[in-house]
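> Structure of the sequence below:
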Amino acid sequence: MYCDFQEKYRKSLIELYKEIWKEPPWNEFFWTDEMVNEDIDFAIRQKDFIGKLAVLLNKYEIVGFTWGYELPIEKFPFLRVVTGGKTFYVDELAVRSDFRRRGIGSTLGKMLMKEAEKLGYDTVVLRTDVNAVAYVFYKKLGFEDTNIRDPQYPQRTYMKKRIGSYGSGIG
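The predicted structure follows:
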């Protein structure tokens, strides 16, 4: 089942978030419940927050999630050269390892972009590791590498996709 972010799923979401980012190439073992809570709260406070969850039926167990919001250009001034128009930032998209390759990530991503398009966004940007399976996944969803690397993590790149009447669509 897919649904919008709901507080009743927060505990399961926090656990999955910590589990996923421990995997290579991220290797982020430092996430605490408090840090993930702060990350979620930060996202919710952003303009045009959209959060989507993939939930096991009859359980409160999250198997995938995504969220994003209007790109805060003051936080990403180096992206001005590739954005233009109204830009949506995909902050997170992840699927539990034993549920991958079932279309859950694609469905979550498409749902998020469709809602962003309804809000008037014409470009979507995100950041991923060039060595991650996610890089190929985003290419399949129609994202292009901007060749702009994260200043703090040079192996991470920003990707973009035009949506709506300006792009190739989201489906």
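
> which stretches of the chain aren't confidently modelled?
Scanning the chain for pLDDT under 70 picks out 165-171.

> Going by residue numbers, what spans are helices in it?
10-20, 33-45, 104-118, 133-140 (DSSP state H).

> how much does the longest one deviate in direction from helix 133-140?
This means helix 104-118. Counting by axes from the mean of the first three to the mean of the last three CA atoms, to 10 degrees, helix 104-118 lies at 50 degrees to helix 133-140.

> Would you indicate which residues of helix 104-118 are buried?
104-105, 107-113, 115-117 (16 or more other CB atoms under 10 Å). Where C-beta positions appear, they are placed from N, C-alpha and C, glycine not excepted.

> Ramachandran coordinates for the residue of the chain positioned farthest from its centre?
Largest separation from the mean C-alpha position in the chain: Asn58, at 25.2 Å (CA atoms, centre = their mean). Per-residue torsions, Asn58: phi 60, psi 20 (degrees, to the nearest 10).

> swap in Gly120?
Backbone torsions for Gly120, taken as degrees, to the nearest 10, come to phi 100, psi 10.

> Identify the residue nearest the residue nearest the centre of the chain in space, chain neighbours excluded?
Centroid-nearest residue in the chain, with CA atoms, centre = their mean: Glu92, separated by 2.8 Å. For Glu92, ignoring the flanking residues on the chain, the nearest one in space by CB to CB, 6 or more residues apart in numbering is Trp67 at 5.4 Å.
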